[in-house]
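Student: Give the three-dimensional model of this entry:
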Amino acid sequence: MDQICCLLGLCCVPLVREESVTAMFTSWGAEQASAVIIARKLIAAIDASPLGHLMQAIAKHAGEK
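Tutor: Reported below is the predicted structural model:
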């Protein structure tokens, strides 16, 4: 669950986020170099999507409290 939380950008700083998502893909059998590329592209796609904008707004709101 922590890796999904990081993937969505809710509970990890950017460097830890990429490391966590990369670890998730390597645990599923991806080679390290491929897992890094997959993680970066997936994070970028999520951040650019409406879901990513919603997650960023939630994280910002939670940080203000």
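
Student: Tell me the helix or strand right after the host helix or strand of A23.
Tutor: Under DSSP states H and E, the secondary-structure element containing A23 is helix 14-27. On the C-terminal side of helix 14-27, the closest following helix or strand by DSSP H and E is helix 32-48.

Student: so how far is that following helix from its chain's centroid?
Tutor: The offset between the C-alpha centroid of helix 32-48 and the centroid of the whole chain comes to 8 Å, using CA atoms, centre = their mean, to the nearest Å.

Student: can you list contacts of stretch 9-19?
Tutor: Residues outside stretch 9-19 that contact it (CB atoms under 8 Å, 6 or more residues apart in numbering) are 2, 5-7, 20, 36, 39-40, 43, 46-47, 52, 55-56, 58-59. In this view, the C-beta of every residue, glycine as well, is placed from N, C-alpha and C.

Student: which one of those sits closest to S27?
Tutor: S20 (10.7 Å; CB to CB).

Student: Can you name the residues that contact the nearest residue to that closest one once chain neighbours are set aside?
Tutor: Take S20 and drop its neighbours on the chain: the residue closest to it by CB to CB, 6 or more residues apart in numbering is C6, 4.0 Å away. Under the criterion of CB under 8 Å, 6+ apart, the contact partners of C6 comprise C12, V16, R17, S20, V21.
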